[in-house]
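Q: sharing a model that was predicted from the sequence below.
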Amino acid sequence: MIRHFAGRVGQAIVATSGVLTIVFFIMRLSGDPTLLLVPEGASAQQIAELRHALGFDRPLLVQYVAYLSDLAHLDLGQSVVQRASVAGIVAERIPYTMMLAAGALLVALGIGIPAGIVMAVWRGSIMERALAGFVLTGQSLPTFWSGILLILLFGVALGWLPSSGADSLQSLVMPSIALGALTMSTFARMTRIAVLDELSRDYVMAARARGLSLRTAVLRHVLRNASIPVVTIAALEVGNLLAGAVIVETVFAWPGIGQLAIQSIAARDFLVVQAIVLFVSTVYIGMNLLADIAYAVIDPRIRLER
Amino acid sequence: MSGKLSPGIIVILTLLAAFILAAAGADLLAHNDPLRQSLLMRLRPPGTFTATTSYPLGTDDLGRDLLARILYGARASLMVATLSVSVSLVVGTVVGLLAGWFRGWIEIVSMRLVDSVLSIPAILLAILTVAVLGPGFLTLVLVLGLTRWPRYTRVAYAQTLQVVTLPYIRAAEMAGCGPVRILLRHVLPNIAGPLIVVATSEFGLMILFEAGLSFLGLGVQPPYPSWGSIMAAGRQYVQRAWWLTVFPGVALFVLVLCVNLFGDWLRDSLDPRSLSR
């Protein structure tokens, strides 16, 4: 058991260091990262000074070690554009993105799981077909388009909900639906497969033979077992939601880290973009690890393997 | 759907063929230049006809023909998706084959790299790289291709591990075949099916990524049309000119839907076991 967890933690550490290395090299793809950080129209003298101040004139390996040691101290650098600490700039926006991700997860779980159960239990019915179409739509809708359509319908035509900003809880409704649609489809498909898997087991037939109604069998036994794969997917989907927030936040002018990333690219504030990529990737790896551990805790068969 | 052509799949294939024809024949089908601006014809609604020409889907904020822009946008979309899927398919498959055949340090390094790349959400990895390198068509293709190859590596690697244990590989080895010949002639054909299924689902994703990046201003650059950038411009006029966001969005949605359905059908045809689900 401890060996299993140690192995998983080790994998997460390797993946994290891999991410740090990839981001380090991408930032240097253009040749001179100084040019990414200076405001436009800076003189050659200013560029040279900044290059020296930021240490970009040192050998690559030295820069790499310095970069890792800064990150180990949670020092993400200073934004040249905003003249403030990058960590502070990003941290200020994180609660908004977390709120949006939570709203989207609520939409996804609240609709996706019941839809998946209905599709599995009433397999072959018209209901299943209708829901399958609904799920497929959610899967193929580009988030920025569904976002604009929601604004067009509920913001412009009906005037029920605010089209942009983060002034009230109502502002959260449309972005959550737009962001949650894809995840909702994933949950629906996974729940359907998990419930179908469980329904075909002998214990379900045994329960039915004992005289339990299908409803009781599903509610008492099937859902508990089917929840294991769904829980792990929920953890993984949080990472996807944070990434999807980039586009949704831009559409709805929601002041989270996604909007910050796009604003920072326009403002050539690349250390902020780097920090956001590192933050989201770390959360993603962390959620992966949590999902693995949760999986092993819930299902003893997994931790006894290997 | 047991691999036979059901009516549903025929509709999907017809629609896909229509998209490909529209993209290839955009020059013939569009009777207006997608780049020609006309300040007198700004934001005209669908079904606008003038003495000299017509705008069946209306015009955009610079008076350009929306139908022409959507047709040329299909070309951008399909070209970026085809090229980036090819890049990631080739890179990912080669890495997977090598890792599965040679094992040892090649396997360790490449599979850890796969884990790391997959830990960075693709859209963020693409945004960071495009931001550093500057937007452009080639950057877009390379960035999308090089962020998605690990998906293929995982499949190619797992399949190669299974195939190399089969007797006919041993036989080929004893007959004196070198690793390149064995991998290309004997392993690759046997693992191609699952890779094609992954490529199809990735194709739909690439179309969405291209549109998303162009929507954010990091993909196809103006004035060249892309569905994403048309919608980004249309977003500012959403109250006055709904057609600028609705029509390119419908095109994008239908294309991605068809690609996804085609992918499902392909998976079911190649793997009869998945039918039980």
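A: Right, received. Where do you want to start?
Q: drop to CA atoms for contacts and neighbour counts, all remaining ones
A: Noted.
Q: how far off centre is stretch B:87-95?
A: Centroid separation for stretch B:87-95 versus its chain: 15 Å, with Cα atoms, centre = their mean, to the nearest Å.
Q: now the element after the helix or strand hosting residue A:203, going C-ward?
A: Residue A:203 is part of helix A:202-209 when elements are defined by DSSP states H and E. Using DSSP H and E, the helix or strand that follows helix A:202-209 in sequence is helix A:214-217.
Q: buried stuff in that following helix?
A: residue A:217 (16 or more other Cα atoms under 10 Å in any protein chain shown).
Q: what's downstream of it, the next helix or strand?
A: Past helix A:214-217, the next helix or strand by DSSP H and E is helix A:223-252.
Q: strands of the chain, start to end?
A: The chain I'm using is chain A. A:78-79, A:84-85 (DSSP state E).
Q: that answer is for a different chain, and I need it for chain B
A: Using DSSP E, strands in chain B cover B:48-49, B:54-55.
Q: which one of the ones you listed is the most hemmed in?
A: strand B:54-55 (a mean of 20; mean count of other Cα atoms under 10 Å in any protein chain shown).
Q: list the strands paired with it, with their directions.
A: strand B:48-49 (antiparallel) (DSSP bridges).
Q: now the strands of chain B in TSV, with mean pLDDT and distance to residue A:218?
A: Formatted as TSV, the strands of chain B follow (pLDDT from 0 to 100; distance: least, Cα to Cα, whole Å):
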stretch	mean pLDDT	distance to residue A:218
strand B:48-49	78	57
strand B:54-55	82	56
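Q: out of those, which comes closest to residue A:259?
A: Set against residue A:259 and scored by Cα to Cα, the strands of chain B come closest in strand B:54-55, at 35.0 Å.
Q: so what touches the closest one?
A: Residues outside strand B:54-55 that contact it (Cα atoms under 8 Å, 6 or more residues apart in numbering or on different chains) are B:46-49, B:65-67.
Q: do the same with stretch B:15-29
A: Residues contacting stretch B:15-29 (Cα under 8 Å, 6+ apart): B:68, B:71-75, B:78, B:255, B:258-259.
Q: correct me if wrong: residue B:214 contacts residue B:228.
A: Yes: using Cα atoms under 8 Å, residue B:214 is in contact with residue B:228, at 4.9 Å.
Q: between those two, which one's more packed in?
A: Higher neighbour count among residue B:214 and residue B:228: residue B:228, with 31 against 24, using other Cα atoms under 10 Å in any protein chain shown.
Q: ok so, going back, among the contacts of strand B:54-55, which ones are buried?
A: Buried among these (16+ other Cα under 10 Å): B:46, B:65-67.
Q: got those as a markdown table, with distance to chain A and pLDDT columns?
A: Output for these, formatted as a markdown table (distance: Cα to the nearest Cα, whole Å; pLDDT from 0 to 100):
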| residue | distance to chain A | pLDDT |
| --- | --- | --- |
| B:46 | 18 | 87 |
| B:65 | 20 | 87 |
| B:66 | 17 | 89 |
| B:67 | 18 | 90 |
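Q: let's see which of the residues you listed end up in helices.
A: Counting by DSSP state H, these place B:66-67 in helices.
Q: residues in contact with the closest residue to residue A:90 other than its chain neighbours?
A: Among residues not flanking residue A:90 along the chain, residue A:257 sits closest, at 6.6 Å (Cα to Cα, 6 or more residues apart in numbering or on different chains). Residues counted as contacts of residue A:257 (Cα under 8 Å, 6+ apart) are A:90, A:93-94, A:96-97, A:245-246, A:276.
Q: save the residues you listed as JSON lines, and put in pLDDT and neighbour count too.
A: JSON lines is the format used below for the contacts of residue A:257 (pLDDT from 0 to 100; neighbours: other Cα atoms under 10 Å in any protein chain shown):
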{"residue": "A:90", "pLDDT": "93", "neighbour count": "20"}
{"residue": "A:93", "pLDDT": "94", "neighbour count": "17"}
{"residue": "A:94", "pLDDT": "94", "neighbour count": "18"}
{"residue": "A:96", "pLDDT": "94", "neighbour count": "19"}
{"residue": "A:97", "pLDDT": "94", "neighbour count": "21"}
{"residue": "A:245", "pLDDT": "90", "neighbour count": "27"}
{"residue": "A:246", "pLDDT": "89", "neighbour count": "26"}
{"residue": "A:276", "pLDDT": "93", "neighbour count": "24"}
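Q: how about these in a markdown table, adding distance to residue A:173?
A: Formatted as a markdown table, the contacts of residue A:257 follow (distance: Cα to Cα, whole Å):
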| residue | distance to residue A:173 |
| --- | --- |
| A:90 | 23 |
| A:93 | 19 |
| A:94 | 18 |
| A:96 | 13 |
| A:97 | 14 |
| A:245 | 14 |
| A:246 | 17 |
| A:276 | 24 |
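Q: burial check on whatever residue of the stretch 51-200 of chain A ends up closest to chain B, number of neighbours?
A: Closest contact between the stretch 51-200 of chain A and chain B, by Cα to the nearest Cα, is at residue A:140 (5.3 Å). Residues lying near residue A:140 (other Cα under 10 Å) number 24.
Q: ok, the closest residue to it other than its chain neighbours - how many residues close by?
A: Using Cα to Cα, 6+ apart and skipping the chain neighbours, the partner closest in space to residue A:140 is residue B:257 (5.3 Å). For residue B:257, the neighbour count with other Cα under 10 Å is 20.
Q: again, but for the one 4 residues further on
A: A total of 21 residues lie near residue B:261 under the criterion other Cα under 10 Å.
Q: residue B:148 now?
A: 26.
Q: how far away is it from residue A:230?
A: 25 Å (Cα to Cα, to the nearest Å).
Q: same check, this time on residue B:59
A: Distance from residue B:59 to residue A:230, by Cα to Cα: 46 Å.
Q: again, but for residue B:58
A: 46 Å.
Q: same check, this time on residue B:50
A: From residue B:50 to residue A:230 the distance is 57 Å (Cα to Cα).
Q: the more surrounded of the two?
A: residue A:230 (21 against 9).
Q: contacts for stretch B:153-169?
A: Residues outside stretch B:153-169 that contact it (Cα under 8 Å, 6+ apart) are B:92-97, B:99-101, B:111, B:114, B:170, B:182, B:186-187, B:190-191, B:194-195.
Q: go again using 6 Å as the cut-off
A: Stretch B:153-169 has contacts (Cα atoms under 6 Å, 6 or more residues apart in numbering or on different chains) with B:92-93, B:96-97, B:100, B:191.
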